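> Give me the fold of what follows.
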Amino acid sequence: MEPPTHGTTGPSDPAMGRRDLLRRWLQWAAATGAALILYPLIRFSGHRIPPKPRLVEVPAPLPISGVHTDHDFLLFTTTEGATAVSRICTHLGCRINYQEDKQYIECPCHHSRFTPDGKRIAGPAEKNLPQYKVTAKKDGEGRVTAYVVHL
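Numbering: from 1, shown residues only. Next up, the predicted model:
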């Protein structure tokens, strides 16, 4: 008596082996093609264009104190050159002010203190103030006519 086959073919059937191999090969080819097409699209979706720097021009000469207070930054000039620091406190984001009589920058909210070049002296703030690049514009005789702060 022969065992029932239930409509299946055995591994010895060469047509089924080729069909199965071809189907698997096509599945792998489709998966590889989809990956090759989707990979650049997925990478591009996370791409961010960096913002252009905002340039603020401050006319020279600065006041006698050597400090210019702007909405976003403090500009200091010394004999070594010009530096600019952010006016946003690194503790909780309050707008800070330069204390000319005490020669330091202070946050009015929680009294964090910073040097004119942005280094933390005291207070709850744990980070230094961000510094901005400053370039000097000069006339034909070499005198500074303005300072350009790169925000």
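
> for this protein, what spans make up the strands?
55-59, 67-69, 73-78, 81-86, 97-99, 104-106, 113-114, 120-122, 131-138, 144-150 (DSSP state E).

> Residue 108 reaches residue 98, doesn't it?
No: the pair residue 108 and residue 98 fails to qualify as a contact (Cβ atoms under 8 Å) at a distance of 11.7 Å. Glycine gets a C-beta too; all of them are placed from N, C-alpha and C.

> more crowded one of the two?
residue 98 (19 against 11; other Cβ atoms under 10 Å).

> Out of the strands of the chain, flag the one nearest residue 33.
Proximity to residue 33 (Cβ to Cβ) singles out strand 144-150 among the strands of the chain, at 46.0 Å.

> how much space between residue 108 and residue 80?
29 Å (Cβ to Cβ, to the nearest Å).

> Ignore what I typed, I meant residue 105.
Distance of residue 105 to residue 80, given as Cβ to Cβ: 18 Å.

> can I get the CA coordinates of stretch 59-76 in CSV?
Output in CSV follows, covering the C-alpha atoms of stretch 59-76 (Å, rounded to 0.1, in the frame of the first residue of the first chain):
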residue,chain,number,x,y,z
PRO,A,59,29.4,101.6,14.3
ALA,A,60,32.7,102.6,15.9
PRO,A,61,33.8,104.2,18.1
LEU,A,62,32.0,102.6,21.0
PRO,A,63,31.2,104.6,24.2
ILE,A,64,34.0,105.5,26.6
SER,A,65,33.2,102.4,28.6
GLY,A,66,34.2,100.2,25.6
VAL,A,67,30.9,98.3,25.9
HIS,A,68,28.0,98.2,23.5
THR,A,69,24.7,96.6,24.7
ASP,A,70,22.5,95.1,22.0
HIS,A,71,19.3,93.1,22.3
ASP,A,72,21.2,89.8,21.6
PHE,A,73,24.8,90.4,22.7
LEU,A,74,27.3,92.5,24.6
LEU,A,75,30.2,93.9,22.6
PHE,A,76,33.4,94.7,24.4
